[in-house]
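Colleague: Next input, structure requested:
(chains A and B)
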Protein chains: 2
Amino acid sequence: MPRAWHLESRPQGKPTPANFALKDVALPPVDDGMVRVRNLWLSVDPYMRGRMNDVKSYVAPFELGKPMEGGAIGEVIESRVDGLAPGDLVQHMAGWRDETALPARAVNKLPNLGIEPQRFLGVLGVPGATAWYGLLDVANAKDGETVFVSAAAGAVGSAVVQIAKAKGMTVIGSAGGADKCDYVRSLGADHAIDYKAGPILKSLGSAAPDGIDVYFDNVGGDHLDAALAHARNHARLAICGMIGGYNATNAASFRFIMRIIAARIRIQGFLVTDYLGRMGEFYREMAPLVASGAVTSRETVADGLEAAPDAFLGLFEGSNTGKMLVRL
Amino acid sequence: MPRAWHLESRPQGKPTPANFALKDVALPPVDDGMVRVRNLWLSVDPYMRGRMNDVKSYVAPFELGKPMEGGAIGEVIESRVDGLAPGDLVQHMAGWRDETALPARAVNKLPNLGIEPQRFLGVLGVPGATAWYGLLDVANAKDGETVFVSAAAGAVGSAVVQIAKAKGMTVIGSAGGADKCDYVRSLGADHAIDYKAGPILKSLGSAAPDGIDVYFDNVGGDHLDAALAHARNHARLAICGMIGGYNATNAASFRFIMRIIAARIRIQGFLVTDYLGRMGEFYREMAPLVASGAVTSRETVADGLEAAPDAFLGLFEGSNTGKMLVRL
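Modeller: Next up is the predicted model:
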């Protein structure tokens, strides 16, 4: 019997394993135009925390007592549609489960680029596209500029570091702990800041004595305040995520917010979903960088469907390096 | 003997009269290429608070023990330069004093538009241009959009209200107290919010149940947080001033900062000094609006050089409606 993780209760603040329940699910019959898919890889992502709340946001909330959703890569095991055959690898949004039946329009067959399938959940998927469009379009980062990126060892951040280096920028990445900082440096970052080793405000000032032109924000809070403090004139801050705030119930505090005026800083929030219509541009430019090894990626892999909630909760503890995945 | 206000000491937090001292000054001789000017109107402005601190900013700090500076309108009483004759009215930056001697390049002769001279310190001067470029260029506000502006009874805010109405926008202005709100409504605002009568977060929600497209920020703090809370998708927040923070020594707190992402909000700080090269465009479009009465302005006038510090300090108490001026 197929099984799926259900949202058992809505978290107050930080989620716990008790918010999730693994239950049997009955699949709909595979009618004309549908496929049955056995999942191979599940994605767990910080944005899912927002869907656990019952509030209107850019994606609908998960329904209480219903199966959760998320990006996944699976193998077609039964098909009643032309163009999809058993053995084909597909990407879809029916994650958090081992098996699903879907209409063909809800799945995308993976292009044959000679690249491992799980990369389409990472550096060649939503995290990679988030890095690409956030850095180059939202922040309009240019050759020769100094870019600061937080959570630089994460799925999005590690792509930002490498894209920025490939485009001729000076890159400062922050991450928690010496191992992650080593990884960030191995990606080509000019400086890696261990934010657990001291106040980010001071570390960023040392790493960028002349200030930063761009900040790619994955964490909010003190990092964002430090970026405001060290922003050069006309700096652009692309706000991709605020993982530090997703579980917070209190307000964020900013000592350097007033610098926005004198330095003419631009802060711009964005969603990668606004760029999905431009994914062709991303594949064209990013796939060769991945194929050539100019852009590498690392995964933190949890094994088995049972591990999914812990893998998700680990995102908020910083237990991943690169993309966090669940392998079935 | 000419007299000028000197910066006697640097304030910690809110300035007090003890930070200022009125002293005699010796004027330089009126050499070739110079004029002597008797001031008629002095401008006091919130940005001067920043110049009282000894920190690098977009304008140099006032020097301790030296005369202060600021916008002023004066009459030429002696000239040793072609093109300027006794009786001519000029604008210059040697305010905070009754008389000055300046090189001709430091003064601008007022254009003869049939408009009272003190308007060139207000609706046709820096405050008016700040409103114009902040609303139309920085925030890119368009016909049919909903605009929220704080300090709407102030020099900049009252101009924002009227320019926005002249351009076909729905306008919500906030101000402190019933009298100022009456004034804001008299300027054409669709809604006036008395921020002293209740939490701005709630009042803005009532005035703009469908949210706001643009926020013109003169105050920061709770107003900015309320604007983040009620921002529609792709809202633009032009940050002109944060008078609520100029005297603050602690951090600003934001409960709704995370909405930047889901609503793709843009926050952009700006300085009118970046637009001084485009003043011709402003005069061309704004002067007819002023001449026709479509854009009116009000002044709060303090009399006599002795009154200048109190007039300045009053800005932080909200004791002005419209442009705060000192008449000599």
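Colleague: can you give me the strands in the stretch 151-300 of chain A?
Modeller: Along the stretch 151-300 of chain A, the stretches classed as strands by DSSP state E, counting those that start in this stretch are A:170-175, A:191-194, A:212-217, A:231-239, A:252-254, A:266-269, A:299-303.
Colleague: before we move on, what about the stretch 1-150 of chain A?
Modeller: Assigned by DSSP E, counting those that start in this stretch, the strands in the stretch 1-150 of chain A fall at A:3-7, A:20-24, A:34-43, A:72-79, A:89-92, A:99-103, A:107-109, A:146-149.
Colleague: tell me which residues of the second one are tucked away?
Modeller: Along strand A:20-24, the positions that meet the burial threshold by neighbour count (16 or more other C-beta atoms under 10 Å in any protein chain shown) are A:20, A:22. C-betas here are computed from N, CA, C, even on glycine.
Colleague: Given it, what are its sheet partners and their directions?
Modeller: In its sheet, strand A:20-24 lies beside strand A:3-7 (antiparallel), with partners assigned from DSSP bridges.
Colleague: Residues contacting the partner strand, please?
Modeller: With C-beta atoms under 8 Å, 6 or more residues apart in numbering or on different chains as the test, strand A:3-7 has contacts from A:19-25, A:52, A:62-68, A:96-98, A:305, A:308-309.
Colleague: Send over that strand as PDB, restricted to the C-alpha atoms.
Modeller: Output of strand A:3-7 as PDB, limited to C-alpha atoms (Å, rounded to 0.1, in the frame of the first residue of the first chain):
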ATOM      1  CA  ARG A   3       2.200   5.700   2.000                       C
ATOM      2  CA  ALA A   4       2.400   9.500   2.300                       C
ATOM      3  CA  TRP A   5       3.300  12.000   5.000                       C
ATOM      4  CA  HIS A   6       0.300  13.900   6.300                       C
ATOM      5  CA  LEU A   7       0.200  17.200   8.100                       C
END
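Colleague: Also compute the angle for it relative to strand A:99-103, please.
Modeller: Strand A:3-7 and strand A:99-103 are oriented at 80 degrees to each other (axes from the mean of the first three to the mean of the last three C-alpha atoms, to 10 degrees).
Colleague: In chain A, which helix is the longest?
Modeller: helix A:279-292 (DSSP state H).
Colleague: That one - contacts with which helices or strands?
Modeller: Helices and strands touching helix A:279-292, by 3 or more C-beta pairs under 8 Å, 6 or more residues apart in numbering or on different chains; DSSP states H and E, are helix A:126-133, helix A:155-166.
Colleague: try 7 Å this time
Modeller: When contacts are defined as 3 or more C-beta pairs under 7 Å, 6 or more residues apart in numbering or on different chains; DSSP states H and E, helix A:279-292 packs onto helix A:126-133.
Colleague: Show me chain A divided up by domain.
Modeller: Per automatic domain parsing, the domain ranges recorded for chain A read A:3-122+A:298-327, A:126-273.
Colleague: so which of the ones you listed is the most packed in?
Modeller: domain A:126-273 (a mean of 22; mean count of other C-beta atoms under 10 Å in any protein chain shown).
Colleague: end to end, how far does that one reach?
Modeller: Using C-alpha to C-alpha, to the nearest Å, one end of domain A:126-273 lies 9 Å from the other.
Colleague: what do you get for stretch A:103-111?
Modeller: Start-to-end, stretch A:103-111 (C-alpha to C-alpha) is 19 Å.
Colleague: what's in contact with it?
Modeller: A:33-35, A:37, A:81, A:84, A:88-92, A:117, A:120 (C-beta atoms under 7 Å, 6 or more residues apart in numbering or on different chains).
Colleague: Ok, stretch A:49-66 next?
Modeller: A:6, A:7, A:10, A:11, A:15, A:19, A:68, A:246, A:247, A:271, A:273, B:262.
Colleague: per-residue confidence for residue A:205?
Modeller: Model confidence at residue A:205, given as pLDDT, is 98.
Colleague: oh, I was asking about residue A:186
Modeller: Looking at residue A:186, the pLDDT reads 97.
Colleague: On the pLDDT front, check residue A:57 for me.
Modeller: 66.
Colleague: which residues of the stretch 51-200 of chain A score low on pLDDT?
Modeller: A:56-58 (pLDDT under 70).
Colleague: Next one: the closest residue to residue A:201 other than its chain neighbours from residue B:236, what distance?
Modeller: Spatial nearest neighbour of residue A:201, excluding adjacent residues (C-beta to C-beta, 6 or more residues apart in numbering or on different chains): residue A:226 at 4.4 Å. Relative to residue B:236, residue A:226 is positioned 25 Å away (C-beta to C-beta, to the nearest Å).
Colleague: cool, and residue A:295?
Modeller: Taking C-beta to C-beta, one finds residue A:295 at 33 Å from residue B:236.
Colleague: now residue A:97
Modeller: The separation that residue A:97 has from residue B:236, given C-beta to C-beta, amounts to 41 Å.
Colleague: So for residue A:100, what's the nearest residue that isn't a sequence neighbour?
Modeller: residue A:94 (4.1 Å).
Colleague: Identify the residues contacting the one you found.
Modeller: A:69, A:72, A:100, A:102.
Colleague: redo that, cut-off 10 Å
Modeller: By C-beta atoms under 10 Å, 6 or more residues apart in numbering or on different chains, residue A:94 lies in contact with A:4, A:37, A:39, A:42, A:67-72, A:74, A:100-102, A:106-107.
Colleague: next one: residue A:312
Modeller: Residue A:312 sits in contact with A:5, A:15, A:17, A:19-20, A:42-46, A:48-49, A:52, A:68, A:70, A:96, A:302, A:324, A:326, where contact means C-beta under 10 Å, 6+ apart.
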